[in-house]
Structure formats: structure tokens, C-alpha cells
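Enquirer: curious how this folds, go ahead:
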Amino acid sequence: MRHTHTTTRRNVLRGTAAATAALTATGTIGAGTAHAGILQAESPAGGRGPSIGVLLYDGYSLLDPTGPAEVLSRLPDATVTMIAEERGPVRTDTGDVAVLAERSIAEIDHLDVLLVPGAGDRGTVGAMTNENLLKWIRRIHRHTRWTTSVCTGSIVLAAAGLLNGRRATTYWASAEYLQSTFDVTYLPQRYVHSGKIITAAGVSAGVDMALYLASLIADDDTAKAIQLAVEYDPQPPFGSGNAADADPQLKERALRLLAESQSLSRTGSVPAVP
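Expert: Coordinates of the predicted model:
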């Protein structure tokens, strides 16, 4: 059937919503994609696409999981699922936003791709000292095609013992800690590929990493199309995003702003997992 109307984003969204409603009504979708503990995606043709799991934990930085999820969810037949120790909303480092974890770690025993986001000090320390999370990360990593991190998520991977002897990147202010505490060689790059592990630098670098990962999972043309689809064409108003070019005063203020936004006085009244 040939369509003669002009396709717009609104039309696409309306069509997707209608199709989803129809599938839900007939029971085709709605119960989730986990089967026997294995997260997989059913393609329209009956095949299977990559299962991508994003770990959430109290105090993560919002863009760390959601930026890559925006990119990777556009891969053909892929499923992206938010996972936490327990199902339910998990709050960010500022406490202002919560993202819903649809699955608990107990429900997931296989992923094609694992992504571990970063966090502020409280969230990172909490995750890297949570042996329950670390054991799950190690177990899932044994069978992943790709294990990835954003920002200080690389410190969580290092705490799990996955970065021993590897090159990796992390948030610029955490680089010295990563390299001095673990057997890791820090590289000041937007993302670093070492074996089946890909680490991204701070926060926004997760989008770059996800596009690179998309090219590995699919191909360059698919990744380029996804980049255009989400209109990722960064043209920031200031050239202050690279720590290597920033003066000490700007670095100090950047860290102070982060600390203030994550302060208990601001977030203490908001439970991490309502």
C-alpha cells in the first residue's frame, strides 16, 4: 500500500501509539520481554535482536543511562530495559527525577549488552561497595557481547574486577582515583574500547559511546542514521566542555555546582526509591 501523505514526526508517533495500543489489546505485548530470566527482543519477523540492560542504582546521573538508551533503543529489533536491585522508581543524584526499573537483578541472568551509569560521590560509593550489585555485574559480564559504562560507572566496573589490566576512561575529576586505586590505565578520551568493554567519559560522552556501540552491533550506516534520527549534532554555546582546556577556577566551580545539586539538604526529603 502506497502512502501519499507527508510523513511527519507527529504522524509517526501517532502511528506507533496506535500500533502499540492494538498489540497491547490483543495481548501481543505488555507483560515484558523477560523469559526464563533471559532478556531478549522479538523482531517482527520472529528473529531476535540485542538485549540491552541498563543498571540503575540510587544517585545515578540522569543522562548517563537515558542518553545511551535513547540511541540504543533505535537499533533494529533491540530491547532496552532498565534494571535495579528491586523493581520500581530509582532517583537520580539530584533527587529531582526518578526512572522506572522494570526488572530486578534477580530476574535477569543474561544480556547482550550491559550498561553501568555513573553517579555523584554518594551513588558511586554506594554502588562500588554493594557486593550484591558487583556479583550480579560479574555474572552478567561473563556472557555479554559488550559491557559498557558511562562516567564513574567505570569505577563500579573496576570495583567488580572487570578492568584489571585494561585501558579505560571516566569522569575527568575521577581519573586520578580510578588509575591510582585500580589496575587501570586511564585515557582522556570520550570513550575507550578495550576487549568487549567500552567505557565512556563523563555524562554526555555516553551518547558518543552509544553511537560507536551501535556501529559495532549493526553497522556504520545504521549508527549514522540513528545519529540523524535523534539529531545529535552538538554545537554548544561555550567551548568549556573539555577538562584539559579548563582553568582551575572553572573546574572548582563545576565541581561545586555538582556537589550543591547533589546535597542532602536539597534531596534529603526525597526518598531514593519511593
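
Enquirer: in the stretch 1-150 of the chain, which spans are strands?
Expert: 34-35, 38-39, 41-42, 48-49, 51-55, 79-84, 88-91, 98-101, 103-104, 113-116, 146-150 (DSSP state E, counting those that start in this stretch).

Enquirer: show me the shaky parts of the stretch 51-200 of the chain.
Expert: For the stretch 51-200 of the chain, not a single residue meets the criterion pLDDT under 70.

Enquirer: quick one: the helices in it?
Expert: 63-72, 121-128, 131-141, 153-159, 175-181 (DSSP state H, counting those that start in this stretch).

Enquirer: would CSV of the strands of the stretch 1-150 of the chain with distance to Val207 and mean neighbour count be doable?
Expert: C-beta: built from backbone N, CA, C; applies to glycine. Below are these laid out as CSV (distance: least, CB to CB, whole Å; neighbours: other CB atoms under 10 Å):
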stretch, distance to Val207, mean neighbour count
strand 34-35, 27, 14
strand 38-39, 23, 18
strand 41-42, 21, 17
strand 48-49, 20, 16
strand 51-55, 14, 25
strand 79-84, 14, 22
strand 88-91, 21, 19
strand 98-101, 17, 18
strand 103-104, 24, 16
strand 113-116, 12, 28
strand 146-150, 9, 28
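
Enquirer: as TSV, the ones you listed with distance to Gly241 would be great.
Expert: TSV is the format used below for the strands of the stretch 1-150 of the chain (distance: least, CB to CB, whole Å):
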stretch	distance to Gly241
strand 34-35	38
strand 38-39	34
strand 41-42	34
strand 48-49	33
strand 51-55	24
strand 79-84	26
strand 88-91	26
strand 98-101	24
strand 103-104	34
strand 113-116	22
strand 146-150	15
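
Enquirer: show me the one of these that comes nearest Gly67.
Expert: strand 146-150 (7.6 Å; CB to CB).

Enquirer: what strands flank the closest one, and is each parallel or antiparallel?
Expert: Within its sheet, strand 146-150 is paired with strand 113-116 (parallel), strand 197-200 (parallel), according to DSSP bridges.

Enquirer: at the geometric centre of the chain, which residue do we find?
Expert: Pro65 (2.9 Å; CA atoms, centre = their mean).

Enquirer: dump the residue contacts of that one.
Expert: Val54, Leu55, Leu56, Met82, Val99, Leu115, Pro117, Val150, Gly206 (CB atoms under 8 Å, 6 or more residues apart in numbering).

Enquirer: distance of it relative to Gly123?
Expert: Going from Pro65 to Gly123 by CB to CB, to the nearest Å gives 12 Å.

Enquirer: now Leu55: closest residue in space, sequence neighbours ignored.
Expert: Nearest non-adjacent residue to Leu55, counting by CB to CB, 6 or more residues apart in numbering: Val116, 5.1 Å away.

Enquirer: bridged to the one you found, which residues?
Expert: Ser149.

Enquirer: so who does it touch?
Expert: Here Val116 is in contact with Leu55, Ala127, Ile137, Thr147, Thr148, Ser149, Val150, Gly153, Val156, Leu157 (criterion: CB under 8 Å, 6+ apart).

Enquirer: which of those lies closest to Arg103?
Expert: Out of these, the member with the shortest distance to Arg103 (by CB to CB) is Leu55, at 10.4 Å.
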